[in-house]
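Engineer: Sharing a model prediction with you, sequence too.
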2 protein chains.
Amino acid sequence: MTVVTYEAELKFLDYVKKMMNYEEALNVMFWDLRTGAPKDGVEQRSEVISQLSTDVFNMSVSDEMAGYLEKLEHLAAEGKLSEKTQKTVEECRKEYDRNTKIPEAEYTAYVKLQARSESIWETAKAESNFEMFRPYLEEIVAYKKKFISYWGYKENCYNVLLDMYEPGMTVEVLDRVFGELRERIVPLVKQIAASGKLLKTEPLTKHFPKEQQRTLSLELLRQLDYNFDAGRLDETVHPFAITLNPGDVRITTKYDESDFRTAIFGTIHECGHAVYEQNISKDLIGTPLCDGTSMGIHESQSLFFENFIGRNKQFWKKNYDVLKKHASGQFDDVSLDEFYDAINEAKPSLIRIEADELTYVLHVMVRYEIEKDLFDGSLDVKDLPRVWNEKMEEYLGIRPQNDATGVLQDVHWSGGDFGYFPSYALGYIYAAQLKQAMLKDIPNFDQLLLDGNIAPVRSWLTEHIHRYGKLKKPLEILQDVTGEGLNAAYLAAYLEDKYKNIYNI
Amino acid sequence: MTVVTYEAELKFLDYVKKMMNYEEALNVMFWDLRTGAPKDGVEQRSEVISQLSTDVFNMSVSDEMAGYLEKLEHLAAEGKLSEKTQKTVEECRKEYDRNTKIPEAEYTAYVKLQARSESIWETAKAESNFEMFRPYLEEIVAYKKKFISYWGYKENCYNVLLDMYEPGMTVEVLDRVFGELRERIVPLVKQIAASGKLLKTEPLTKHFPKEQQRTLSLELLRQLDYNFDAGRLDETVHPFAITLNPGDVRITTKYDESDFRTAIFGTIHECGHAVYEQNISKDLIGTPLCDGTSMGIHESQSLFFENFIGRNKQFWKKNYDVLKKHASGQFDDVSLDEFYDAINEAKPSLIRIEADELTYVLHVMVRYEIEKDLFDGSLDVKDLPRVWNEKMEEYLGIRPQNDATGVLQDVHWSGGDFGYFPSYALGYIYAAQLKQAMLKDIPNFDQLLLDGNIAPVRSWLTEHIHRYGKLKKPLEILQDVTGEGLNAAYLAAYLEDKYKNIYNI
């Protein structure tokens, strides 16, 4: 069948492109605010950002948008639209429904509550006082439940929240997969603790000058096939990667002179995100499809870079001398094996964002289970601190001494971001599955890392994942690449193999 | 009389604020493009810029704008508007008329011609071939004359062009003032040439590491009362200052390791522009009044900083050791007096943007006279190279050997920017008049520079100039501060005094 282009389709695509252009302007301003914008200009800048955000929002829920969607959905039903237009319509419909089904007054009240709640959370965390935060969190959860009833759902209401970050993901799948993973990781963590083996980590925290870290970061980014004609590296407080357009995907990092890992592994992680967006098909520019397909797949790319490349022994065999050259002598008496073991240390800790590769997913599971129970009504907000501490003890064998290092540590819930945490663990699981599939095509993976030749690895990821943007859903990508659904066995096997080796257990 | 606020006034101010917010977003993107934006993203970024520019343009000529202007002009006529609203209405009216009086088709054709003409000019300059550029320039001038007939004018049609950059300025005033100035400067330039005195300028072009230049620039900016809470210094190819909002006014500079003057005097110059905009009354934010009042007054601030502060001997008495500390030893055998003379060297040269403080205005006069004659019809485009060379010989005593270093050197005419050049010379004249007035209030000006205490000087400029933004017209500012109109005598006297001293004539 020939696909012709309709006038309504052209107008719709123009309209959407305009929204995307505003988004680019907004992202330039976000990047700027976080990379050294002078403080006295921030208040007025916020007004500009608020105006452009409102423009985009209004366009997404306008009568004009409603008209396009109706017309084009008819054409789509008759199979008359290109794949790109059809998927763009689907994305816009999702956004339209999500934003119009909530009565305006309720949404406004919720946005105010969010802002208030985030600021209360900050104080509550600083004072380690969950009771101060409790009433706000209760209200946020109540609103979120009401919103879900407006949006509508099948089976489990928490699936609606999951779907926002990981389209198609369900409690049923997560329960199974997280369960399997937990059963293999929890014993492993206990074995490591029991082994009593201590790694030589002191050199990692010796003084490493900032400028040298920057030079090293740039050198590694080049090796990792990050395209500097389509990006740049800057300094910030909370590192991130940001896409202005696929020809301009920037990385930011933070330099800690008493722990070079912050910058180096942070940069490699953000590089994975950035390389994803640098390699989305240019054909999708100007549509909402020109974006990572989900939080989880995005995280699979950053974690693939950070862990499967950045913590691989062959990668450091190639780069250890380079690191030594830029460091201040602290690694001169450290063998490559000792260094490799040290950067892969696994040790239960209380704070998620400081957790290692092995225990990180357990932190995520604690949050997932709590969220799920909050939304099916089997858990009350008031019981969160107790349940949190019990789960930490059960999975990680350690118990927070206060709520600041426990249930209050993450900002997410104060802003109503439920359903987001699972993506972090999904990223690991996906990454391990992708690695397994990649090895069939690139059996010499380790050798490529040793040669400093990452391009074939990056190309494989582009070929199978990056270029599609949102044209394929996460589980569709997984199925196409691996021939199966979500499966935690590969991650579990990888972690068992790696850590049994490092800890001789 | 009590000024009340009308509903139409509030709506109008909201509408204008929205335009200004888009302008801020545009300026963030301009700044970003010139300070290291990756090249692959530029094409798509241009689309975003074009869209937002179109939004602002459409808002400036919309029926809604026309409606506001009509209503508010009635209220203004009855004296019922605040000064701020009234002047905002005047600015928007000017813009509205300028943009709506030209038939759309003609304007579109002109914009295309501009783009084509600029690119032809680049090639013509590279090949030093005026004939290649001539037909385009002829067409540009013809369009501009037609536009002036649409806009309407009294007396001299060139006044319309002058008024765009310097509201209220006329050929009559410029002829008189430039004439007086020329009569005093041309002989001075000849006397200097005849004196045969050579200054010790070689140390100025010895290697000066970029990082050290940057540190020195930052140190000087702090001393010059540039507010780093409302600004930052970055690197670029063609230095500029840019206002995002009055709390965010940025400076960019260029580092030439074989001539530190580029960065240092460039930075001090841009600092003058930036300090102007940092100190406009916050009350004017969100209106077009929150901007320098004219090109000439803007240039008076940058030149005040560059020449009256940055090339003052007391300023260097304070900072010479600092300079030496950051330099690489090239000034160790150079006395302060020798250094001062060297940075003030005056020598006729062919290129305007490389000209010194003394001869610069003569370059401007050559252009002014040519433009004026082009628009009153007494000069044809085809005669430009000959007339240019004759005037250069007459005023500066040197003659370009080709058009690349002559009539083709500046980009302005290729884009239709006639009436712009005089502002550069006006800036010098204004600055000298302001300095004269300042000395009455701050007789210890030199001592303040020696103490490194520029704040009182900056405060005086803020009090009399900066804070008003566009609330006062240039000649109004001049009258209020100095009690007289435009007068070149102060600049002439300053230059005579300074250069007779340096060259012992």
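Structural biologist: That came in fine, so what should we check first? Numbering: from 1, shown residues only, chains lettered A, B, ... in the order given.

Engineer: The helix or strand that contains residue A:463 packs against which elements?
Structural biologist: Element membership of residue A:463, judged by DSSP states H and E, is helix A:455-464. Applying 3 or more CB pairs under 8 Å, 6 or more residues apart in numbering or on different chains; DSSP states H and E, we find helix A:455-464 packed against helix A:261-278, helix A:421-441, helix A:445-451, helix A:474-482. Every residue, glycine included, has its C-beta placed from N, CA and C.

Engineer: Of all the residues in the stretch 101-250 of chain A, which one is nearest chain B?
Structural biologist: Nearest to chain B in the stretch 101-250 of chain A, going by CB to the nearest CB, is residue A:248, at a distance of 2.6 Å.

Engineer: quick one on the thing from earlier: give me the average confidence score over the helix holding residue A:463.
Structural biologist: Helix A:455-464 shows an average pLDDT of 98 in the prediction.

Engineer: Report the buried residues of that helix.
Structural biologist: Buried residues in helix A:455-464, defined by neighbour count with 16 or more other CB atoms under 10 Å in any protein chain shown: A:457-458, A:460-462, A:464.

Engineer: From those residues, pick the one nearest chain B.
Structural biologist: Checking the buried residues of helix A:455-464 against chain B by CB to the nearest CB gives residue A:462 as the nearest, at 15.3 Å.

Engineer: That closest one contacts residue A:279, correct?
Structural biologist: Yes. Assessed by CB atoms under 8 Å, residue A:462 is found in contact with residue A:279 at 4.2 Å.

Engineer: C-terminal to the helix or strand harbouring residue A:162, which secondary structure element comes first?
Structural biologist: Secondary structure assignment for residue A:162, by DSSP H and E: helix A:158-165. With elements assigned by DSSP H and E, the helix or strand that comes after helix A:158-165 is helix A:171-195.

Engineer: and chain A, which residues reach chain B?
Structural biologist: Proximity of chain A to chain B (CB under 8 Å from any CB of the partner chain) is limited to residues A:18, A:21-22, A:24-25, A:28-29, A:32, A:36-45, A:47-48, A:51-52, A:227-232, A:244-248, A:250, A:285.

Engineer: can you do 6 Å?
Structural biologist: Counting by CB under 6 Å from any CB of the partner chain, chain A comes close to chain B at A:21, A:24-25, A:28-29, A:32, A:36, A:38-41, A:44, A:48, A:51, A:229-232, A:244-245, A:247-248.

Engineer: still on that earlier bit, which one of the buried residues of helix A:455-464 is nearest residue B:187?
Structural biologist: Comparing these against residue B:187 with CB to CB places residue A:458 closest, at 69.1 Å.

Engineer: list the contacts for the closest one?
Structural biologist: residue A:225 (CB atoms under 6 Å, 6 or more residues apart in numbering or on different chains).

Engineer: what residue ranges in the stretch 1-150 of chain A are flagged as low confidence?
Structural biologist: A:1-4 (pLDDT under 70).

Engineer: Which pLDDT value goes with whatever residue of the stretch 401-505 of chain A ends up closest to chain B?
Structural biologist: Closest to chain B within the stretch 401-505 of chain A is residue A:469: 14.8 Å, counting by CB to the nearest CB. pLDDT recorded at residue A:469 is 98.

Engineer: got it, and the one 4 residues further on?
Structural biologist: With respect to pLDDT, residue A:473 scores 97.

Engineer: Would you confirm that it contacts residue A:163?
Structural biologist: No. At 10.4 Å, residue A:473 does not count as touching residue A:163 under the criterion of CB atoms under 6 Å.

Engineer: Kindly state the domain boundaries assigned to chain A.
Structural biologist: With automatic domain parsing as the criterion, the domains of chain A are listed as A:1-100, A:206-325+A:433-483.

Engineer: ok so, going back, mean neighbour count, the helices and strands packed on helix A:455-464: which tops it?
Structural biologist: helix A:261-278 (a mean of 24; mean count of other CB atoms under 10 Å in any protein chain shown).

Engineer: What lies in contact with that one?
Structural biologist: A:213, A:217, A:221, A:224, A:226-227, A:230-231, A:239, A:241, A:243, A:249, A:251, A:253-256, A:292, A:298, A:301-302, A:304-306, A:310, A:466.

Engineer: How about the residue nearest in space to the middle of chain A, nearest residue that isn't a chain neighbour?
Structural biologist: Centrality entry for chain A: nearest residue to the mean C-alpha point is residue A:299, 4.2 Å, by CA atoms, centre = their mean. What sits nearest to residue A:299 in space, not counting adjacent residues and going by CB to CB, 6 or more residues apart in numbering or on different chains, is residue A:427, at 2.6 Å.

Engineer: Looking at the stretch 1-150 of chain A, what residue ends up closest to chain B?
Structural biologist: For the stretch 1-150 of chain A, CB to the nearest CB, closest residue to chain B: residue A:41, 2.7 Å.

Engineer: what sits against that residue?
Structural biologist: Applying CB under 6 Å, 6+ apart, the residues near residue A:41 are B:244-245, B:247-248.

Engineer: what about the residue of the stretch 301-450 of chain A found nearest chain B, how many neighbours?
Structural biologist: Closest to chain B within the stretch 301-450 of chain A is residue A:326: 17.9 Å, counting by CB to the nearest CB. Look at residue A:326: counted by other CB atoms under 10 Å in any protein chain shown, it has 17 neighbours.

Engineer: That one contacts residue A:216, doesn't it?
Structural biologist: Yes. If you go by CB under 6 Å, residue A:326 and residue A:216 touch, sitting 4.5 Å apart.

Engineer: Quick one: residues contacting the residue of the stretch 101-250 of chain A closest to chain B.
Structural biologist: B:38, B:41.

Engineer: Next, it: phi, psi?
Structural biologist: The phi/psi pair for residue A:248 (degrees, to the nearest 10) reads phi -150, psi 80.

Engineer: Please name the bridge partners of it.
Structural biologist: residue A:245 (DSSP bridges).

Engineer: Give me the secondary structure label for the closest residue to residue A:289 other than its chain neighbours.
Structural biologist: Nearest in space to residue A:289, with sequence neighbours left out and distances taken as CB to CB, 6+ apart, is residue A:470 at 4.2 Å. Three-state call for residue A:470 (DSSP: H, G, I helix; E, B strand; the rest coil): helix.

Engineer: and residue A:470, how many residues sit next to it?
Structural biologist: Neighbours of residue A:470 (other CB under 10 Å): 22.

Engineer: mind checking how far the spatially closest residue to residue A:6 that is not a sequence neighbour is from residue B:35?
Structural biologist: Of all residues beyond its chain neighbours, the one nearest residue A:6 is residue A:75 (6.3 Å), with distances taken as CB to CB, 6+ apart. In this view, residue A:75 and residue B:35 are 45 Å apart by CB to CB, to the nearest Å.

Engineer: Can you give me every residue that contacts residue A:430?
Structural biologist: residue A:300.

Engineer: rerun at 7 Å
Structural biologist: A:296-297, A:300, A:478 (CB atoms under 7 Å, 6 or more residues apart in numbering or on different chains).

Engineer: distance of it from residue A:479?
Structural biologist: 12 Å.

Engineer: same question, residue A:36
Structural biologist: Residue A:36 sits 44 Å away from residue A:479, going by CB to CB.

Engineer: For residue A:259, what are phi and psi?
Structural biologist: In this entry, residue A:259 is assigned phi and psi values of phi -160, psi 90 (degrees, to the nearest 10).

Engineer: May I ask you to name the longest helix in chain A?
Structural biologist: helix A:7-33 (DSSP state H).

Engineer: list the helices and strands it packs on?
Structural biologist: helix A:42-60, helix A:63-77, helix A:83-100, strand A:241-245, helix B:7-34, helix B:42-60 (3 or more CB pairs under 7 Å, 6 or more residues apart in numbering or on different chains; DSSP states H and E).

Engineer: one more time with 10 Å, if that's ok
Structural biologist: helix A:42-60, helix A:63-77, helix A:83-100, strand A:241-245, strand A:248-253, helix B:7-34, helix B:42-60 (3 or more CB pairs under 10 Å, 6 or more residues apart in numbering or on different chains; DSSP states H and E).

Engineer: Cool, thanks, talk later.
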